[in-house]
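>>> Provided below are the primary sequence and the corresponding predicted coordinates.
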Protein chains: 2
Amino acid sequence: MSAPKTAEDRLLAWIEQTTGPLPKSIQIGPGDDGAVIQTPSGDRLVLTIDTLVEGVDFETSSSSPQSVGQKSIAVSLSDLAAMGASPWVALASASFPSSTHENYAQKIVEGLRSTASEYGVSIIGGDLSSTPGPISISTTLIGFLSTNRCLTRSGGHAGDQLFVSGPLGGSILGRHLNVTPRIELGQKLIAIPATSAIDLSDGLLKDLDRLARASGCGGEIQADKIPIHADAHRLSRSSEFSPLEHALFDGEDFELLFTLSPADSELWKQGQILTDFSAIPIGQLTESAGLTLIQADGNRETVSPKGFSHDWGVSG
Amino acid sequence: MSAPKTAEDRLLAWIEQTTGPLPKSIQIGPGDDGAVIQTPSGDRLVLTIDTLVEGVDFETSSSSPQSVGQKSIAVSLSDLAAMGASPWVALASASFPSSTHENYAQKIVEGLRSTASEYGVSIIGGDLSSTPGPISISTTLIGFLSTNRCLTRSGGHAGDQLFVSGPLGGSILGRHLNVTPRIELGQKLIAIPATSAIDLSDGLLKDLDRLARASGCGGEIQADKIPIHADAHRLSRSSEFSPLEHALFDGEDFELLFTLSPADSELWKQGQILTDFSAIPIGQLTESAGLTLIQADGNRETVSPKGFSHDWGVSG
């Protein structure tokens, strides 16, 4: 049983299906965490755009303006991390309703700047608009690739081991505003090279499904290996879901999900690679399509990705 | 008498005043039509971001979704034109309320693609969000500079002649949705080189004020030389403003305003440069600050820029 597709899923699928051939200077186009382009002299850049909307991605009642600014850069930095890129420059466009106090807007800009500065990113331009609706912030991040490799969602093979970079679930309790993009890990992964990677923005199962499909595989993960964040336990006490379900389905963890070849997984087991990073093995990519959750008792269960998805439009 | 500053003006001024020093790879930072960055191997890129908001920049009742998509790419292309750049790639991020029909969203994407394709631009990535508010589309455009020069707002000198690339005013009657970015003209201007340029998005006087200030000058223009669009005459019949006032203050003409040195102005008079382009001389940059409108009878009037400005926030 597959989860019903949202309007967003359907439009994304339509966009990918109808994207025409791209010129040679575009090495990776729509459909990954970032696009990869090559300049005439051979420099390779990674580009990504993200939009945060008040009432969807943050609430002015519970989020400080600084944290909103910080998040709007950090989620794009997380995309660069998943591509193995070194952050360079950013552009930001913000729309404010007439009710927004100028001091509040300034504090959002200060948040943008502080996170940008922390990761060595220069904000080189922007745009300000008014809006009859909620505050909205779009950020474009541009980074470098310092190798001639790519780190993508699509490079995995059946038998590659799946890892996550940290505990998952319950980010809504506050971590979703306090994102630590895994930039150094991403650079390490492209150097190994890891066979594929994606950042966990929409929930482990949903993003695993994306990575596995892009790689032409399925995925199986072991329930008792999934690292469950303390926030998932806390949230579970007041929700109808188990801590594991929060770890599988909640979004905005912004950890990396990545795969290593069997040979590199062996090196990792021997403590020869990724020694300075948190890397938790949770399963592997499979020949057969679809996602399988293996319970501690060995029971295998087919699961459907149903992570958080922005839903709009008529249902199909 | 200077026009009261809007919240947008004040935040922009604050952002520019508080922007720290930029690394050497950033040749032009915030404050121009686009930023200019140099890659390690020496390629120079121009980047710009713009956001269109339903209810501010377009109305779904009177704008076809294709034209909304077309405009969202075209306004950024106009910024690249003002920088003398050759368009290359774009990223687009769209937020839709749940009431948006998928077919409507698809047609916006089709509009984006058609204008992108017309100007040789590849759309290499994007982002889709839901929103409790109006439709919003942010577009980042990236172009090349094929010379080692820059075309900026700030390169003008007193005595340089001011030109516009076409008739102005009344764009709200429909032209604001049917933007023709002056890409070829911009490339010609950087080759001459013109001393400065800006695209006319917020009204002739307001954008002239920006160019003149950035160049450390004032500007004087001759009322009877301003090219007035037929739309300005039409609009004047049902508005309280004269056709000239529409030409001076209306926004979204998306023509270029640019300056030529006295020597190049002489070449232009002799029909030796810009022969394939519409270029209408309207006045000159001056030593003394401020804007002056010279009437046909020789009367000189100090004018204040008060073009269209997105207003939000408390007044100062």
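Now that the structure is in, tell me what you want to look at. Remember, predicted model here, so these are calculated numbers, not experimental data.
>>> OK, contacts around the nearest residue to A:G133 once chain neighbours are set aside?
If the residues on either side of it in the chain are set aside, A:G133 comes closest to B:G133, at 2.0 Å by CB to CB, 6 or more residues apart in numbering or on different chains. For the C-beta atoms, the positions are set from N, CA and C on the backbone; glycine is no exception. Residues near B:G133 by CB atoms under 8 Å, 6 or more residues apart in numbering or on different chains: A:53, A:55, A:131-134, A:136, B:95, B:97.
>>> Then A:V179?
A:V179 touches A:70-71, A:74-75, A:77-78, A:252, A:254, counting by CB under 8 Å, 6+ apart.
>>> tell me which parts of the stretch 51-200 of chain A are close to chain B?
Within the stretch 51-200 of chain A, the residues that sit near chain B (CB under 8 Å from any CB of the partner chain) are A:51-53, A:55-57, A:88-89, A:91-93, A:95-102, A:105-106, A:109, A:122-134, A:136, A:138, A:140, A:142, A:144.
>>> domain assignment for chain A?
A:24-144, A:161-303 (automatic domain parsing).
>>> circling back: pull out the buried members of the residues of the stretch 51-200 of chain A next to chain B.
A:51-53, A:56-57, A:88-89, A:91-93, A:95-97, A:100, A:102, A:105-106, A:109, A:122-131, A:133-134, A:136, A:138, A:140, A:142, A:144 (16 or more other CB atoms under 10 Å in any protein chain shown).
>>> Mind checking which of the residues you listed are in helices?
Judged by DSSP state H, the subset of these located in helices is A:102, A:105-106, A:109.
>>> now those as CSV including pLDDT and distance to B:F163?
Putting these into CSV (pLDDT from 0 to 100; distance: CB to CB, whole Å) gives the following:
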residue, pLDDT, distance to B:F163
A:E102, 91, 36
A:A105, 94, 36
A:Q106, 95, 37
A:V109, 95, 35
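>>> Where does pLDDT dip in the stretch 101-250 of chain A?
For the stretch 101-250 of chain A, no stretch has pLDDT under 70.
>>> what's the spatially closest residue to A:Y104 that is not a sequence neighbour in contact with, if anything?
Distance criterion CB to CB, 6+ apart; nearest residue to A:Y104, sequence neighbours excluded, is A:P65 at 5.0 Å. The contact partners of A:P65, taken as CB under 8 Å, 6+ apart, are A:104-105, A:107-108, A:110-111.
>>> For those residues, which ChimeraX command selects only the ones that are buried?
Selecting only the buried entries of the contacts of A:P65 in ChimeraX, with 16+ other CB under 10 Å as the criterion:
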select /A:104,105,107,108,111
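>>> So which of the contacts of A:P65 is the closest to B:R182?
Taking CB to CB as the measure, B:R182 lies nearest A:A105 of the contacts of A:P65, at 31.9 Å.
>>> list the contacts for that closest one?
A:65, A:94, A:96, B:7, B:11, B:313.
>>> Now do the strands in the stretch 51-200 of chain A.
Assignment of strands within the stretch 51-200 of chain A using DSSP state E, counting those that start in this stretch yields the ranges A:86-96, A:122-130, A:136-144, A:161-164, A:196-199.
>>> which residues touch stretch A:106-113?
A:64-73, A:90, A:92, A:94, A:123, A:135, A:137, A:139, B:11, B:14-15.
>>> out of those, which are buried?
A:65-73, A:90, A:92, A:94, A:123, A:135, A:137, A:139, B:11, B:15.
>>> Which neighbouring elements make contact with the helix or strand containing A:L45?
Using DSSP states H and E, A:L45 sits in strand A:44-53. Other helices and strands packing on strand A:44-53, by 3 or more CB pairs under 8 Å, 6 or more residues apart in numbering or on different chains; DSSP states H and E, are strand A:35-38, helix A:65-82, strand A:136-144, strand B:86-96, strand B:122-130, strand B:136-144.
>>> can you put those in TSV and add distance to A:A263?
As requested, those are exported to TSV (distance: least, CB to CB, whole Å):
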stretch	distance to A:A263
strand A:35-38	25
helix A:65-82	22
strand A:136-144	28
strand B:86-96	36
strand B:122-130	32
strand B:136-144	38
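>>> Which one of the ones you listed lies nearest to B:I26?
strand A:136-144 (11.4 Å).
>>> Turn the contacts of A:V179 into JSON lines, columns for pLDDT and distance to A:S304.
Below are those laid out as JSON lines (pLDDT from 0 to 100; distance: CB to CB, whole Å):
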{"residue": "A:Q70", "pLDDT": "96", "distance to A:S304": "33"}
{"residue": "A:K71", "pLDDT": "96", "distance to A:S304": "29"}
{"residue": "A:A74", "pLDDT": "97", "distance to A:S304": "29"}
{"residue": "A:V75", "pLDDT": "96", "distance to A:S304": "25"}
{"residue": "A:L77", "pLDDT": "98", "distance to A:S304": "30"}
{"residue": "A:S78", "pLDDT": "97", "distance to A:S304": "25"}
{"residue": "A:E252", "pLDDT": "93", "distance to A:S304": "20"}
{"residue": "A:F254", "pLDDT": "96", "distance to A:S304": "23"}
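>>> between these, which is closest to chain B?
Using CB to the nearest CB, A:V75 is the member of these that sits closest to chain B, with 9.7 Å.
>>> Give the full set of residues in contact with that closest one.
Each residue near A:V75 by CB under 8 Å, 6+ apart is listed here: A:50, A:52, A:139, A:179, A:181, A:201, A:254.
>>> how much space is there between A:V68 and A:R182?
Separation of A:V68 from A:R182 (CB to CB, to the nearest Å) stands at 21 Å.
>>> residue nearest the centroid of chain A?
A:D199 (2.8 Å; CA atoms, centre = their mean).
>>> so who does that residue touch?
A:33, A:78-79, A:81-82, A:181-182, A:207, A:254-257.
>>> Most widely separated two among those?
A:P181 and A:D207 (15.2 Å).
>>> before we move on, back to that, any idea how far the residue nearest to the centre of chain A is from A:G251?
From A:D199 to A:G251 the distance is 11 Å (CB to CB).
>>> who's the residue nearest to the centre of chain A bridged to?
On the basis of DSSP bridges, A:D199 is bridged to A:L256.
>>> Point me to the residue of chain A nearest chain B.
Residue nearest to chain B within chain A: A:G133 (2.0 Å; CB to the nearest CB).
>>> Can you tell me which of the contacts of A:V179 is nearest B:I294?
Distances from B:I294 to the contacts of A:V179, taken by CB to CB, are shortest for A:Q70, at 50.4 Å.
>>> Would you check that the closest one makes contact with A:T115?
Yes. Between A:Q70 and A:T115 there is a contact at 4.3 Å, judged by CB atoms under 8 Å.
>>> among the contacts of A:D199, who's most crowded?
Most neighbours among the contacts of A:D199, by other CB atoms under 10 Å in any protein chain shown: A:A82, with 34 neighbours.
>>> just to revisit the earlier point, dump the ones in helices among the buried ones among the residues of the stretch 51-200 of chain A next to chain B into CSV; add distance to B:R237 as well.
Shown next, in CSV, are these (distance: CB to CB, whole Å):
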residue, distance to B:R237
A:E102, 38
A:A105, 39
A:Q106, 43
A:V109, 43
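>>> Of the residues you listed, which is the nearest to A:G298?
Ranked by distance to A:G298 (CB to CB), these are led by A:V109 at 53.6 Å.
>>> about what we covered before: what does the residue of chain A closest to chain B show for phi and psi?
For A:G133, the backbone dihedrals are phi -120, psi -150 (criterion: degrees, to the nearest 10).
>>> Equivalent analysis for A:F258, please.
phi -150, psi 160.
>>> If you drop the residues flanking it in sequence, what lies closest to it?
Among residues not flanking A:F258 along the chain, A:A197 sits closest, at 4.0 Å (CB to CB, 6+ apart).
>>> Report the contact partners of the one you found.
A:33, A:82-84, A:151-153, A:186, A:189, A:211, A:256-259.
>>> So what pairs up with A:V53 in the strands?
Per DSSP bridges, the residues bridged to A:V53 are A:S136.
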